[in-house]
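Trainee: Pasted the sequence and its predicted model underneath.
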Amino acid sequence: MKNKPAYAIDSVDHALHLATMLQQEGPLGVSEAAGRLGVSRSTAHRLLAMLVYRDFAEQGADRRYQAGPVLRPADPPAAPVAVLRQAAIPHLRALVARVQETANLVVLAGTETRFVVTVECEQILRVGDRVGRVLAAHLTSGGKAVLAALPAAELTGRYTGTDVNLTRLRRELGLVRKRGFAINDQLTETGLTAVGVAIPWPSAGAPAAAVSLAMPSARFDHDLLPTWVGALSGTATAIAHDLVGA
């Protein structure tokens with residue numbers, strides 16, 4: 001499993017995290033960036049200035065910072081990430097407190113899954129922070145859960161011309177729809193297993209986001225699946241409820 005290095009360089013980590021936020025969540029002011037990173041305004045300003053210098057960010061007329069040319073080519077997610085994030089965090093924390101495994105909020109962007117929130121559990125052996133990671137949607141549990149809810153024509157449009165076997169993917173997503181959850185058993189990382197459930201987006205016909213539980217494969221137990229899926233489904237429903245008033 002890929003966890004934070006023991007000797008992480010905080011300034012690099014902050015800059016990369018900030019670039020990810022600009023790409024995935026949209027414009028940020030200096031105070032917002034400082035609050036999200038847990039640093040001073042002056043530190044946030046220096047980080048943003050360096051991102052602007054390297055074309056990872058640019059400053060608008062309102063003095064807020066947005067993704068620059070280097071970051072803009074990526075497909076935008078189908079859901080407003082900042083709103084999702086705000087609604088999801090308290091429910092993800094409650095989920096982790098209940099099941100004691102790491103929880104993630106992911107959004108679908110094109111054929112990719114983007115991790116936008118991670119709440120780590122307190123177990124010594126655990127899956128670490130995945131915020132900012134981008135993985136193939138058809139391999140991740142949350143990605144598969146969202147893909148399974150898409151209309152057939154939209155799924156075909158997303159994967160036509162790719163190297164993904166669409167026939168095989170349709171069969172797998174049919175099983176995901178029947179079960180109501182998806183599993184990633186070491187498809188993206190050796191030693192990591194995850195279970196995901198889609199979040200219904202209130203203003204659209206299909207969900208654009210999902211919640212997942214990620215754990216060391218050694219701790220995955222099929223007998224606990226009903227408990228995990230029930231907790232995930234309750235969390236997804238609670239997030240969707242809060243999104244209605246967002």
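Mentor: Yes, it's here. Numbering: from 1, shown residues only.

Trainee: tell me the pLDDT at the residue located most distally from the centre of the chain?
Mentor: For the chain, the residue at maximal distance from the C-alpha centroid (CA atoms, centre = their mean) is Ala61, at 29.7 Å. The score at Ala61 is 88. That number is its pLDDT.

Trainee: what's the neighbour count on Phe115?
Mentor: As a burial measure, Phe115 scores 22 neighbours (other CB atoms under 10 Å). For every residue, glycine as well, the C-beta is placed using N, CA and C.

Trainee: repeat for Leu28
Mentor: 22.

Trainee: Please apply the same query to Val99.
Mentor: Neighbourhood size, Val99 [other CB under 10 Å]: 19.

Trainee: residues touching the nearest residue to it once chain neighbours are set aside, list them.
Mentor: Leaving out its chain neighbours, the residue that sits closest to Val99 by CB to CB, 6 or more residues apart in numbering is Ala231, at 5.3 Å. Going by CB atoms under 8 Å, 6 or more residues apart in numbering, Ala231 touches 95, 98-99, 213.

Trainee: Secondary structure element holding Ala231?
Mentor: Per DSSP states H and E, Ala231 falls inside helix 225-244.

Trainee: buried sites along that helix?
Mentor: Within helix 225-244, the residues that count as buried by 16 or more other CB atoms under 10 Å are 228-229, 231-232, 234-236, 238-240, 242-243.

Trainee: for stretch 213-220, same thing?
Mentor: Residues of stretch 213-220 classed as buried: 213-216, 220 (neighbour count, 16+ other CB under 10 Å).

Trainee: Restricted to strands, list those residues.
Mentor: Judged by DSSP state E, strands contain the following of the buried residues of stretch 213-220: 213-216.

Trainee: Next one: the residue nearest to Thr43 when sequence neighbours are not counted from Ala214, what distance?
Mentor: Excluding the flanking residues, the one nearest Thr43 by CB to CB, 6+ apart is Ala34, at 7.0 Å. Using CB to CB, to the nearest Å, we find Ala34 at a distance of 29 Å from Ala214.

Trainee: Repeat that for Gly161.
Mentor: Between Gly161 and Ala214 the computed distance is 30 Å (CB to CB).

Trainee: same deal with His17?
Mentor: 19 Å.

Trainee: quick one, helices of the chain?
Mentor: Here the chain has its helices, by DSSP state H, at 10-25, 30-37, 41-53, 81-99, 141-147, 152-159, 166-179, 225-244.

Trainee: need those in JSON lines with distance to Pro69 and mean pLDDT, can you?
Mentor: Output for the helices of the chain, formatted as JSON lines (distance: least, CB to CB, whole Å; pLDDT from 0 to 100):
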{"stretch": "helix 10-25", "distance to Pro69": "12", "mean pLDDT": "86"}
{"stretch": "helix 30-37", "distance to Pro69": "19", "mean pLDDT": "91"}
{"stretch": "helix 41-53", "distance to Pro69": "11", "mean pLDDT": "91"}
{"stretch": "helix 81-99", "distance to Pro69": "20", "mean pLDDT": "92"}
{"stretch": "helix 141-147", "distance to Pro69": "27", "mean pLDDT": "96"}
{"stretch": "helix 152-159", "distance to Pro69": "25", "mean pLDDT": "93"}
{"stretch": "helix 166-179", "distance to Pro69": "33", "mean pLDDT": "96"}
{"stretch": "helix 225-244", "distance to Pro69": "32", "mean pLDDT": "93"}
